[in-house]
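> sequence first, predicted model second:
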Amino acid sequence: MKNPWLLPTLLIALASWSGAQAPSPAPAETPKPAAEKPKPPAEREMPPDVQAFNDANKISDPEKKIAALQKFKSDFPKSSMLAAVDTDILSVLVKSFPAQTDRIRNMAKSITAGDPKTRGQREASVASQLLEASVLLKDARGYARKSVQAMNEAAYVQEQREGYAKRKQKGPSDEELRKRFRESRANRVGTLGRIEVKLGDVNNGRKLLEESYAVNANQPAVAAVLGELAAKAGSDSKALDYLVTARLSGKAPASSLAALDALYRKTHNGSLDGLDAMLDSEYHKRYPNPLHLEPFQPSEKRTDRVVLAEVFTGAGCPPCVAADLAFDAAAERYSRKDLTILMYHQHIPRPDPMTTLETTARFKFYDGRGVPTFAIDGAAKSGGGGRENTKDVYARFKPELEHELELPSEAHVSVGASLSGSKVNVKALVKDVKTESKDLRLQIVLAEKELRYSGENGVRFHPMVVRAIGGPKAEGFALTAQGGTFEQAFDLDQISAAIKNHLDDYEAGGHRGESFKFSEKKYEIAHNDLAVVVFVQDTKTRHVLQAGYLDLSVPGEHRITESEAGIGDGK
């Protein structure tokens with residue numbers, strides 16, 4: 001990747017996840033020797049064009065945003081982000097000024113002018129934006145038809161081959177490239193089919209949509225329209241299959257959600273009871289984790305260290321899928337004596353109803369630039385992609401994780417807790433600290449072990465979702481090398497109310513200048529599905545000295561005294 005800043009910044013800046021691209025997984029880094037002390041993270045400078053792009057996308061006033069984006073084009077005429085800038089300008093126009101058709105047409109013409117080799121791709125992009133905004137649909141049909149006509153399989157394969165050769169990379173087989181071509185063409189045919197249906201040519205539109213879906217079923221918008229058409233035609237079985245696909249994608253329009261509810265009620269005595277269970281079953285059947293790992297077998301060098309993985313993710317982030325699933329697989333391979341995982345959700349690149357003020361503050365602590373980002377015992381790195389990249393992401397962090405498991409812990413951490421009604425009382429003991437650092441803090445984190453929410457990236461189940469962080473201002477507790485005992489009281493009702501307030505405020509303020517509505521607000525907390533994670537961290541180097549885990553769903557009350565060191569550290 002020529003510009004390492006481009007992807008994470010785009011993920012932060014873009015209001016729609018359609019521009020997020022999966023970063024290429026990097027090779028696993030060689031673990032540091034045990035004797036080497038952690039170094040403070042190096043400061044990174046953001047390229048000026050990226051900074052200007054970010055600043056422009058923070059502007060909420062549409063005219064001022066357009067002016068800033070136009071100025072970007074003048075200031076950085078050779079930037080690799082010019083195409084994204086043009087796309088953003090058109091997006092602002094169709095959403096904020098749909099009646100200004102001449103202005104929209106001029107921008108569309110500007111985008112589709114230029115190099116004939118890439119014109120079809122730009123025509124497809126314009127057609128899609130006009131379709132989503134229901135603006136100038138006849139123009140959209142013209143662009144969509146041209147984008148389909150521009151596709152040539154032999155030329156596509158040749159261009160891909162030349163691109164891999166230029167980058168000195170070994171490309172995929174011709175068969176794989178032809179498959180990619182067919183799927184890409186199917187996407188354009190699907191856009192054209194949806195436009196035809198909106199324009200009233202239902203028969204032609206349905207034929208195009210069925211052609212598209214037969215080649216590439218991973219098109220939620222196409223499935224949604226086909227499902228609604230099938231439901232209207234009385235083809236319940238077909239409609240159910242299409243509508244479930246759309247629903248599980250997290251990107252189903254309100255009309256297809258209503259169509260699924262109506263269809264389910266039709267066959268279940270007017271009730272929606274059991275719908276979520278049915279969707280859960282279909283999700284597990286259709287989208288199993290592609291990575292299956294053998295249980296961890298510790299080596300003779302295994303110590304008592306509990307490794308902490310902190311994962312920054314977003315339910316609307318397509319490249320986060322590989323990281324989410326990789327850590328899901330890791331949670332199956334390692335017990336909580338070996339690895340404990342915390343998931344900090346972010347409003348990146350789309351609003352995420354599992355995000356809290358505490359999770360965004362933690363992201364800032366790590367100088368977060370984009371998601372997915374994950375830190376193994378405080379050492380942060382990024383890397384993600386679609387489901388097919390899950391194994392690559394796991395391969396990236398596994399060496400560091402298993403290296404950490406063989407390092408001696410640098411503190412002893414014990415945790416106990418009790419749950420009574422809506423109150424969780426936590427007591428943590430820290431001793432045997434192996435550092436003289438003046439920058440230590442003990443973090444006490446409350447997490448919900450699993451939330452169900454179908455986000456725009458298609459992931460339905462979200463483990464170890466951080467709900468609250470203890471300490472003054474939710475920043476943990478100051479700690480000295482002498483250790484100590486710390487107590488934290490969590491009020492679940494107050495936490496739930498605070499999360500709801502944040503989500504309400506975020507929705508009211510809009511997402512990067514654009515209004516939106518959460519499909520769900522995940523502020524309610526399941527009292528029987530909680531866990532507590534504690535860890536000691538050097539806030540200057542971000543290095544984690546030791547962690548501990550306690551599952552509050554285990555029946556009974558968990559207490560701790562100084563003589564009960566080690567309680568709650570196991571799975």
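Everything's here; your move.
> what residues does stretch 208-226 touch?
182-183, 185-187, 189-190, 192-194, 196-197, 205-206, 229, 238, 242-243, 245-246, 249-253, 255-256 (Cβ atoms under 8 Å, 6 or more residues apart in numbering). C-beta coordinates here come from the backbone N, C-alpha and C atoms, glycine included.
> buried residues, that stretch. List them.
For stretch 208-226, the neighbour count (16 or more other Cβ atoms under 10 Å) marks 208-209, 212-213, 215-217, 219-226 as buried.
> would you confirm that Leu429 belongs to a strand?
Yes. Under DSSP: H, G, I helix; E, B strand; the rest coil, Leu429 sits within a strand.
> Val445 reaches Met464, doesn't it?
No. Between Val445 and Met464 there is no contact under Cβ atoms under 8 Å: 9.3 Å.
> mind listing the shared neighbours of those two?
342, 533.
> what's whichever strand or helix holds Asp139 packed up against?
Using DSSP states H and E, the element containing Asp139 is helix 137-149. In terms of contacts (3 or more Cβ pairs under 8 Å, 6 or more residues apart in numbering; DSSP states H and E), helix 137-149 is packed against helix 101-112, helix 116-133, helix 174-198.
> now, which of the buried residues of stretch 208-226 sits nearest Ser125?
Ala221 (14.7 Å; Cβ to Cβ).
> what angle separates whichever strand or helix holds the closest one from helix 116-133?
Using DSSP H and E, Ala221 sits in helix 220-232. Per axes from the mean of the first three to the mean of the last three Cα atoms, to 10 degrees, the angle that helix 220-232 makes with helix 116-133 is 50 degrees.
> and the angle for helix 220-232 with helix 174-198?
Here the directions of helix 220-232 and helix 174-198 differ by 50 degrees (the same axes, to 10 degrees).
> next secondary structure after helix 220-232?
Assigned by DSSP H and E, the successor of helix 220-232 is helix 236-249.
> please name every helix or strand in contact with that following helix.
Using 3+ Cβ pairs under 8 Å, 6+ apart, helix 236-249 sits against helix 220-232, helix 254-267, helix 275-286.
> who touches it?
Contact partners of helix 236-249, identified using Cβ under 8 Å, 6+ apart, comprise 217, 220-221, 223-224, 226-228, 230-231, 252-253, 256-257, 259-260, 263, 266-267, 278-279, 282-283, 286-287, 454, 456, 458, 460.
> for the chain, what spans make up the strands?
With strands called from DSSP state E, the chain shows them at 307-313, 339-345, 373-376, 379-382, 412-420, 423-431, 440-452, 461-469, 477-479, 484-491, 530-538, 544-551.
> could I get these as CSV with mean pLDDT, mean neighbour count and distance to Ile66?
As requested, those are arranged in CSV below (pLDDT from 0 to 100; neighbours: other Cβ atoms under 10 Å; distance: least, Cβ to Cβ, whole Å):
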stretch, mean pLDDT, mean neighbour count, distance to Ile66
strand 307-313, 98, 26, 31
strand 339-345, 98, 26, 31
strand 373-376, 98, 24, 31
strand 379-382, 95, 18, 31
strand 412-420, 94, 20, 52
strand 423-431, 96, 21, 49
strand 440-452, 98, 21, 38
strand 461-469, 98, 22, 36
strand 477-479, 97, 19, 48
strand 484-491, 97, 16, 45
strand 530-538, 98, 25, 43
strand 544-551, 97, 25, 45
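> sorry, back to before: so which residues make contact with the helix holding Asp139?
105, 108, 112, 119-121, 123-124, 126-127, 130-131, 185, 188-189, 191-192, 195-196, 198-199.
> how about 6 Å then?
Contacts to helix 137-149, defined as Cβ atoms under 6 Å, 6 or more residues apart in numbering, come from residues 120, 123-124, 126-127, 130-131, 188-189, 191-192, 195, 198-199.
> now a PyMOL select for only the buried ones of those.
Here is the PyMOL selection string for the buried members of the contacts of helix 137-149, based on 16+ other Cβ under 10 Å:
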select buried, resi 120+123+124+126+127+130+131+188+189+191+192+195+198
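> what's the neighbour count on the nearest residue to Leu82 once chain neighbours are set aside?
Closest residue in space to Leu82, ignoring its immediate chain neighbours: Lys73 at 6.3 Å, by Cβ to Cβ, 6 or more residues apart in numbering. Lys73 is flanked by 14 other residues according to other Cβ atoms under 10 Å.
> cool, Gly470 as well?
Neighbourhood size, Gly470 [other Cβ under 10 Å]: 24.
> thought Leu308 was touching Val544, still the case?
Yes. Using Cβ atoms under 6 Å, Val544 is in contact with Leu308, at 5.0 Å.
> shared neighbours of the two, anything?
377, 535.
> just give me the closest of the buried residues of stretch 208-226 to Lys364.
Out of the buried residues of stretch 208-226, the member with the shortest distance to Lys364 (by Cβ to Cβ) is Pro220, at 32.5 Å.
> which residue packs closest to that closest one, ignoring adjacent ones?
Ser249 (3.4 Å).
> separation between the one you found and Ala223?
8 Å (Cβ to Cβ, to the nearest Å).
> cool, and Glu400?
Applying Cβ to Cβ to Glu400 and Ala223 gives a distance of 39 Å.
> re earlier: format the strands of the chain as JSON lines; extra columns: distance to Asp352.
Output for the strands of the chain, formatted as JSON lines (distance: least, Cβ to Cβ, whole Å):
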{"stretch": "strand 307-313", "distance to Asp352": "8"}
{"stretch": "strand 339-345", "distance to Asp352": "5"}
{"stretch": "strand 373-376", "distance to Asp352": "14"}
{"stretch": "strand 379-382", "distance to Asp352": "17"}
{"stretch": "strand 412-420", "distance to Asp352": "27"}
{"stretch": "strand 423-431", "distance to Asp352": "24"}
{"stretch": "strand 440-452", "distance to Asp352": "11"}
{"stretch": "strand 461-469", "distance to Asp352": "10"}
{"stretch": "strand 477-479", "distance to Asp352": "28"}
{"stretch": "strand 484-491", "distance to Asp352": "22"}
{"stretch": "strand 530-538", "distance to Asp352": "20"}
{"stretch": "strand 544-551", "distance to Asp352": "24"}
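> of the ones you listed, which approaches Gln100 most closely?
Closest to Gln100 of the strands of the chain, according to Cβ to Cβ: strand 339-345, at 36.5 Å.
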